[in-house]
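Asker: next one to model:
(chains A, B, C and D)
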There are 2 protein chains.
Amino acid sequence: MKLAVSTSLGVFFVVETSRGSAPHPYHHGNLGPALVEAALALLHETQDWAFSLREVARRAGVSHNAPYKHFPEKRDLLAAVAARGFEALAERTLAALEGLTDARARLLACGRAFVALGIANPALYRLMFSAVLTSPDAGRPPIEKAAAAKARAIVDATLADAVQSGALPASMANPSERGAASLAMWSLMHGLTMLAIDDFVGPPKDVETLVDPMLGALLNGIASHPPALPANIWMAPRLSQRHADDPVTQTS
Amino acid sequence: MKLAVSTSLGVFFVVETSRGSAPHPYHHGNLGPALVEAALALLHETQDWAFSLREVARRAGVSHNAPYKHFPEKRDLLAAVAARGFEALAERTLAALEGLTDARARLLACGRAFVALGIANPALYRLMFSAVLTSPDAGRPPIEKAAAAKARAIVDATLADAVQSGALPASMANPSERGAASLAMWSLMHGLTMLAIDDFVGPPKDVETLVDPMLGALLNGIASHPPALPANIWMAPRLSQRHADDPVTQTS
DNA sequence: CCCGGTAAGTTGGCAACGACAACTTTATGG
DNA sequence: CCATAAAGTTGTCGTTGCCAACTTACCGGG
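Answerer: Residues are numbered from 1 along each chain as shown, chains lettered A, B, ... in the order given. Next comes the predicted model:
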């Protein structure tokens, strides 16, 4: 006997009751999420998103073509996984912020949470920022953009608080300056994380040892000499369409 | 005698045959490099390294299995392409440095060259720092490591010069401090480039507009408060082997 | 309460891919 | 001058992403 339960999200899943449980219910009841879960596991095991959609289906106990009823193509499954990564990032950043009041400590905490997630989940992190997700016409998938924007908003708010509290110069109330600072922070942390997980920088004792000196230096520089940038530069549409200039081709 | 072979793109390359002129010389004479060239072109066209080895072979005008005589597997071809990318980076950085004497200007020039190469060659840049190259046991391929080290040495030397010339504090003669500064610079530039080419930050007017404020702020911070880090952290062996802690799995 | 439409799964199939094996052609040095 | 190895060839195998056609289960309107 089966029992259908609905969550607050309207997602249905099926609970198998001990009596007369059908071993192969025709409908899974919660594929989609289950596929994302399986993909996440596979991603973590193989540290690569080259796994086959068929393998994901196998793990979820469905036929090799079932995933296509939920994700038009593999890219869409990966996008859903990436979005989960950004959600986790937002969660963990918020958790790291909890209880901290000092503005600088809060900014450092954002950086630590960021790098820590990357180091603990290299493949997921790589996927989150990867280009396999961007379709040639539409840029990055909306589901991922939304999740990423939420994570970014947290850092942005923390930065704004720091200005309010006087830890950063008042001129940074200017969105153009604050945007530049935010971008600088993300760039530094993103670059550091990528270098760390891609074996360009060796294992530090712990994340703070790596993050604090770097981010600390940047924050000092920002405080003493705030950078400015054209506004609205974040998530603007499609830079990489024009990639044709000055390509590397010939051996010199 | 020379023999001209044309690919489907109309790209010509010339094979030197020692004597007899056959329309289809059994031996290409210069495969290997030609494969790298074809892969580079394909990488630039498709902005992706998902192209097939067979397609590369087709472009080089050889059979689908010929590449395996030069590269044990696809990863090895890609590693050779990535190495070419780092060589180009070193070249361009040196070219950008030419004629500049001011220490700060030279450091900014390094950053600009770095980001400019990435923006002009997104797929190549992504490949250079990608993880598809790292074999599970041996880390990053030696051919790439060597090329990358050469590019890094240039920035390092420029940094050392800046200390010598007094543009940066004397305490940074200390390798531990200079290493940290170097890593911070790379991190910032790498992160900025990745965010730019992966559509997280919109198109700036030009590279300077993006690089100078960011890198300028970091340099100010470094000058006023030099960070320090454990030595020899660059290219140390294998961080990402231990990735198992704190994975993202369940929806919370 | 049945009945038809649609969402969710199913099997079957196809072209293409990476990698292996076995064969053939060319260059070379003792 | 021939043996041998390097370089290129055809053929094959298992697997993959995705398409097509079919089947099963659910759900709302008469």
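Asker: all contacts plus neighbour counts: C-alpha atoms, from now on.
Answerer: Will do.
Asker: leaving out chain neighbours, which residue sits closest to A:Glu208?
Answerer: The shortest distance from A:Glu208 to any residue other than its chain neighbours is 6.4 Å, reached at A:Arg112 (C-alpha to C-alpha, 6 or more residues apart in numbering or on different chains).
Asker: sorry, slip of the keys, the one I care about is A:Gly191.
Answerer: Per C-alpha to C-alpha, 6+ apart, closest to A:Gly191 is B:Gly191, 3.6 Å.
Asker: flag every buried residue along stretch A:58-71.
Answerer: Neighbour-count burial for stretch A:58-71, counted by 16 or more other C-alpha atoms under 10 Å in any protein chain shown, picks out A:59-60, A:62, A:66-67, A:71.
Asker: contacts with DNA strand C among these, please.
Answerer: Contacts with DNA strand C within the buried residues of stretch A:58-71, as defined by C-alpha under 7 Å from any atom of the strand: A:62, A:66-67.
Asker: tabulate those (a markdown table), appending pLDDT.
Answerer: As requested, these are arranged in a markdown table below (pLDDT from 0 to 100):
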| residue | pLDDT |
| --- | --- |
| A:Val62 | 96 |
| A:Ala66 | 97 |
| A:Pro67 | 97 |
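Asker: nearest to A:Asp102 among those residues?
Answerer: Lowest distance from A:Asp102 to these (C-alpha to C-alpha) belongs to A:Pro67, with 47.2 Å.
Asker: tell me the predicted confidence for the residue lying closest to that closest one once chain neighbours are set aside.
Answerer: Distances taken as C-alpha to C-alpha, 6+ apart put A:Ala57 closest to A:Pro67, at 6.5 Å, once the chain neighbours are dropped. Per-residue pLDDT puts A:Ala57 at 97.
Asker: and A:Ala57, which helix or strand is it part of?
Answerer: Element membership of A:Ala57 [criterion: DSSP states H and E] is helix A:53-60.
Asker: re the thing from before, contacts only, for the residue nearest to A:Gly191.
Answerer: The contact partners of B:Gly191, taken as C-alpha atoms under 8 Å, 6 or more residues apart in numbering or on different chains, are A:186-192, A:194.
Asker: how about the stretch 51-200 of chain A: which residue is closest to DNA strand D?
Answerer: Residue of the stretch 51-200 of chain A nearest DNA strand D, by C-alpha to the nearest atom of the strand: A:Ser52 (3.1 Å).
Asker: that residue and B:Ala103, how far apart?
Answerer: Distance of A:Ser52 to B:Ala103, computed by C-alpha to C-alpha, to the nearest Å: 51 Å.
Asker: A:Arg75 is in contact with A:Leu133, correct?
Answerer: Yes. Between A:Leu133 and A:Arg75 there is a contact under C-alpha atoms under 8 Å: 5.8 Å.
Asker: so the residue nearest to A:Pro67 touches A:Ala66, yeah?
Answerer: Yes. Using C-alpha under 8 Å, A:Ala57 makes contact with A:Ala66 at a distance of 7.0 Å.
Asker: follow-up on the earlier one: between A:Leu133 and A:Arg75, which one's more packed in?
Answerer: Higher neighbour count among A:Leu133 and A:Arg75: A:Leu133, with 22 against 15, using other C-alpha atoms under 10 Å in any protein chain shown.
Asker: and the more buried one, helix, strand or coil?
Answerer: Secondary structure state of A:Leu133, per DSSP: H, G, I helix; E, B strand; the rest coil, is coil.
Asker: please tell me how far it sits from B:Ala113.
Answerer: According to C-alpha to C-alpha, A:Leu133 stands 27 Å off from B:Ala113.
Asker: try A:Met185
Answerer: As defined by C-alpha to C-alpha, A:Met185 lies at a distance of 21 Å from B:Ala113.
Asker: looking at those two, which is more packed in?
Answerer: More neighbours surround A:Met185 than the other of A:Met185 and B:Ala113, with 27 against 24 (other C-alpha under 10 Å).
Asker: where do the strands of the stretch 1-150 of chain A begin and end?
Answerer: A:2-6, A:12-16 (DSSP state E, counting those that start in this stretch).
Asker: before we move on, the earlier item: which one of the contacts of B:Gly191 is nearest A:Leu43?
Answerer: When those are compared against A:Leu43 (criterion: C-alpha to C-alpha), the nearest one is A:Met194, at 16.9 Å.
Asker: run the chain-centre distance for the strand or helix carrying the closest one.
Answerer: Here A:Met194 sits within helix A:175-197, counting by DSSP H and E. Mean-position distance between helix A:175-197 and its chain equals 14 Å (C-alpha atoms, centre = their mean, to the nearest Å).
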